[in-house]
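# structure for this input, please:
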Amino acid sequence: MMVADFDPIAIQLGPIAVHWYALAYLAGFLLGWGYIAKLVKTQNLPMTREQLDRFLNWAIAGVLLGGRVGYVVFYNPLYYSMHPLEILYVWQGGMSFHGGLIGIISAALIFARREKINPLTLCDLVAAAGPIGLFLGRLTNFINGELFGRHTTLPWGVVFPHAPDMLPRHPSQLYEAASEGLLLFVILFILVRYAHMLKKPGFVGGCFLSGYAVFRFLCEFFREPDMQLGFLYAGATMGQLLCLPMFWVGIIVIFYARRKNAN
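Model prediction:
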C-alpha cells in the first residue's frame, strides 16, 4: 500500500522555498503558451506573436485572480466573510478551477476586443492548451496530498497523511490528471490537428467545457468532498454542481459554432 508522503517543497534555497504547486503553474503557463504559439503558426490564425506575448500576462492574471475569488465564493464564503483579509493570503492555498476558468475567459474576451481578435478563436486556443495545466496541477495535488479521494479497498488505494484517518483512499488526483488532463488534451488535439476545428470558432472551446464537465463530474464520485461543505443538493458535491451549467454552456457553444460556420 502506497503512502503519499511527499515533500511539497521542490527547491529549498536557504529561507526561500519553491513549492511544486508554483512550478506546476509556471510550467503550465509556459507550455500552454508554447503550444498556442505553435497552433497560431501552423494553423495560420490571425494573431501575431506580439499579441500572444501580451495575452500571456492577461491569462496569468485571469487564472490567479479568478481562481482565488472562485474559491472564496464557491467553497468557503462563510469563513472569508468573517476573515476578509485572509482572501489575500494566497500562499495558504485555496484555488478554484471554475473560478480560474471564468477569470481566463473574461481576460480573453476583454483582450480580444482590445486587440480586435475573434474572441471565440482566442478562447479555442486557450481551451486547446488548458489540459496541459490541468494535468500538471492534478499531479501536484497528489504530491501535496490534497484533494484526496474517498475510502477504497482497491489494491491501488493510497494513504494520505493529511486525511482525517490513515485508511486507503482513491488517488482521485491521478484520475483527474488522466481524464481532465491527458485524455481531454488528446481529444482536443485530434479535433484541432485532424478535424481542423479551429476553422469553426467556438467549437474547440465548447468541447473543452463539456468534456471537462463530464470528466470532473465522474471523478467527483471518487473524490472526498470539501470538508467545510460536504455533500450538497441530492448528494452532489460542489464540483459536480458547478459542472452542470458548464456542460450545457459547452453544448450551446458547440451548436452555435456548427450553425454559424455552416452558413
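
# what number of residues lie near residue 235?
Using other CB atoms under 10 Å, residue 235 is surrounded by 9 other residues. (C-beta placed from N, C-alpha, C; glycine too.)

# any idea how far it lies from residue 99?
23 Å (CB to CB, to the nearest Å).

# and residue 109, by the same measure?
16 Å.

# which one of those two is surrounded by more residues?
Higher neighbour count among residue 109 and residue 99: residue 99, with 23 against 15, using other CB under 10 Å.

# quick one: residues contacting that one.
66, 67, 68, 69, 70, 71, 73, 74 (CB atoms under 8 Å, 6 or more residues apart in numbering).

# neighbours of residue 83, how many?
Counted with other CB under 10 Å, residue 83 comes out at 11.

# gap between it and residue 37?
Counting by CB to CB - residue 83 and residue 37 are separated by 41 Å.

# helix, strand or coil for residue 46?
What DSSP: H, G, I helix; E, B strand; the rest coil gives for residue 46 is coil.

# does it touch residue 118 like I think?
Yes - contact status for residue 46 versus residue 118: in contact at 7.4 Å, counting by CB atoms under 8 Å.

# so which of these two has more stuff around it?
The neighbour comparison of residue 46 against residue 118 (other CB under 10 Å) goes to residue 118, with 14 against 10.

# quick one: that one from residue 168, how far?
Residue 118 sits 49 Å away from residue 168, going by CB to CB.

# what residues does stretch 216-235 touch?
75-76, 78-79, 97, 147-150, 152, 163, 169-170, 172, 175-176, 179-180, 236-241, 243-244, 247.

# rerun at 6 Å
When contacts are defined by CB atoms under 6 Å, 6 or more residues apart in numbering, stretch 216-235 is touched by residues 75-76, 148-150, 170, 172, 175-176, 237-240, 243.

# tell me the pLDDT at residue 263?
Residue 263 is assigned 58 on the pLDDT scale.

# hang on, I meant residue 88
pLDDT, read off for residue 88, is 82.

# the helix or strand containing residue 141 packs against which elements?
Using DSSP states H and E, the element containing residue 141 is helix 119-144. Packing partners of helix 119-144 (3 or more CB pairs under 6 Å, 6 or more residues apart in numbering; DSSP states H and E): helix 20-42, helix 97-115, helix 172-176, helix 184-193, helix 203-219.

# check the offset of the fourth one from the chain's centre.
With CA atoms, centre = their mean, to the nearest Å as the basis, helix 184-193 stands 16 Å off its chain's centre.

# got the contact list for it?
128, 131, 197, 198, 204, 211.

# over to the shortest one?
Contacting residues not belonging to helix 172-176 are listed as 138, 141, 142, 147, 149, 219, 222, 223 [CB under 6 Å, 6+ apart].

# export that helix as CSV, just CAs?
Output of helix 172-176 as CSV, limited to C-alpha atoms (Å, rounded to 0.1, in the frame of the first residue of the first chain):
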residue,chain,number,x,y,z
SER,A,172,-8.6,10.8,-7.3
GLN,A,173,-6.0,13.4,-8.2
LEU,A,174,-4.4,10.9,-10.6
TYR,A,175,-7.9,10.0,-12.0
GLU,A,176,-8.4,13.7,-12.8
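
# work out the gap between that helix and the centre of the chain.
That offset, for helix 172-176, works out to 13 Å (CA atoms, centre = their mean).

# start at 43 instead
With the count now opening at 43, the last piece we talked about shows up as helix 214-218.

# quick one: mean pLDDT for it?
pLDDT averaged over helix 214-218 gives 97.
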